[in-house]
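Peer 1: output the structure for:
(one chain, ligands or ions: 1)
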Amino acid sequence: MSLPDTASANAAQIDYWNTAVGQTWVEHQAQLDRLIAPLGAEAMRVLAPTAGERILDVGCGCGETTLELAARVGPGGGVVGVDISEPMLAVARARDLPVNAVEPQFRNSDAQVADLGEAAFDAIFSRFGVMFFSDPAAAFANLHRAVRPGGRLAFVCWRPYAENLWMRAPMDAAQPFLPPMPASDPLAPGPFAFADPLRVRSILEGAGFSDVTLDPFDTLIGGSSVAETLRLNFRVGPLGSALRTAPHLAARVSQALEALLESYDTPQGVMMPACVWIVQARR
Ligand SMILES: C[S@@+](CC[C@H](N)C(=O)[O-])C[C@H]1O[C@@H](n2cnc3c(N)ncnc32)[C@H](O)[C@@H]1O
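Peer 2: Predicted coordinates:
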């Protein structure tokens, strides 16, 4: 399948998720799935998909949650995963189907603008796939059209960076060894773009959704060894971005970061605090 139109409003994100970052998600798929599994599980729990439903997974990436939805709705249901990252979709398409699951469709489409059908789904789900739209109002209006009247929306997104120690503490430990970083725009497309609950509510209500709720959910995440966690930290988040432009600094950062990660090491691997919003709404 061809790549989405790169002249689109989300061209920068399409490039981002089809190059180095998409490749990182492909290479670290199992570790990333393990890291964010408890957070996606909470969004899945509140969505409560049932047999026979038609469900859209937005920003489905390497397909972990799409496959779970496919098992939940079973052979009589329907599941579509949409994403803009061809390398991640290739992983998703190659994964084994769980038993008694419907075969999901994986589409390379920009959820902000793609024709997803009118009232084509009973519910929409996303695990960290809805914070990257250049125009969130337009994107959620598009998603609103795609879900049937009375249908459900449930997704998980990050609360502020400052409160997400699993990402912030490694960056704080690395900072003394890195050049000063420009301040980032908190509303720009990116993992923390939906941290402000008032903004999320206003986007969803503006798009026509009702019964909007945002529930805080806090837990420890991780589950990998110190060495694996160190390697992942070098590839994702703000530290990953800093080291992509200055890879020679990795050696200097390594010692400080290893000491930090060791302080969070447990018999289950490195476990660090994470906090998210579990967002629900209805058409
Ligand atoms: C943080 S990853 C999460 C992937 C997956 N949901 C998971 O939990 O493993 C965000 C995903 O959103 C996708 N994405 C970003 N903007 C998108 C858009 N406009 N339409 C569809 N997918 C998008 C990215 O390609 C990426 O796969």
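Peer 1: and the closest residue to A20 other than its chain neighbours, what element?
Peer 2: Residue nearest to A20 in three dimensions, not counting chain neighbours: R244, with 6.3 Å by C-beta to C-beta, 6 or more residues apart in numbering. C-beta coordinates here come from the backbone N, C-alpha and C atoms, glycine included. Under the criterion of DSSP states H and E, R244 resides in helix 237-245.
Peer 1: mind listing what's buried in that helix?
Peer 2: By neighbour count on 16 or more other C-beta atoms under 10 Å, the buried set for helix 237-245 is G237, P238, L239, G240, A242, L243.
Peer 1: repeat for stretch 77-97
Peer 2: So stretch 77-97, judged by 16+ other C-beta under 10 Å, has buried residues 77-92.
Peer 1: ok, which of those residues also contact the ligand?
Peer 2: Among those, the ones lying near the ligand by C-beta under 6 Å from any ligand atom are V82, D83, I84, S85, M88.
Peer 1: so which residues of the stretch 101-250 of the chain form strands?
Peer 2: Counting by DSSP state E, counting those that start in this stretch, one finds strands in the stretch 101-250 of the chain at the ranges 105-108, 121-127, 147-158, 210-224.
Peer 1: what angle separates the longest one from strand 147-158?
Peer 2: In this structure, strand 210-224 runs at an angle of 40 degrees to strand 147-158, with axes from the mean of the first three to the mean of the last three C-alpha atoms, to 10 degrees as the basis.
Peer 1: now do the second one
Peer 2: Computed with the same axes, to 10 degrees, the direction of strand 121-127 lies at 10 degrees from that of strand 147-158.
Peer 1: what comes into contact with strand 121-127?
Peer 2: 36, 39-40, 43-44, 47, 49, 53-59, 64-65, 69, 80, 143, 146-148, 151-156 (C-beta atoms under 8 Å, 6 or more residues apart in numbering).
Peer 1: just the buried residues from those residues, in ChimeraX please.
Peer 2: The ChimeraX command for the buried members of the contacts of strand 121-127 (criterion: 16+ other C-beta under 10 Å) is given here:
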select :36,39,40,43,44,47,49,53,54,55,56,57,58,59,64,65,69,80,143,146,147,151,152,153,154,155,156
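Peer 1: looking at the protein, which helix is longest?
Peer 2: helix 29-47 (DSSP state H).
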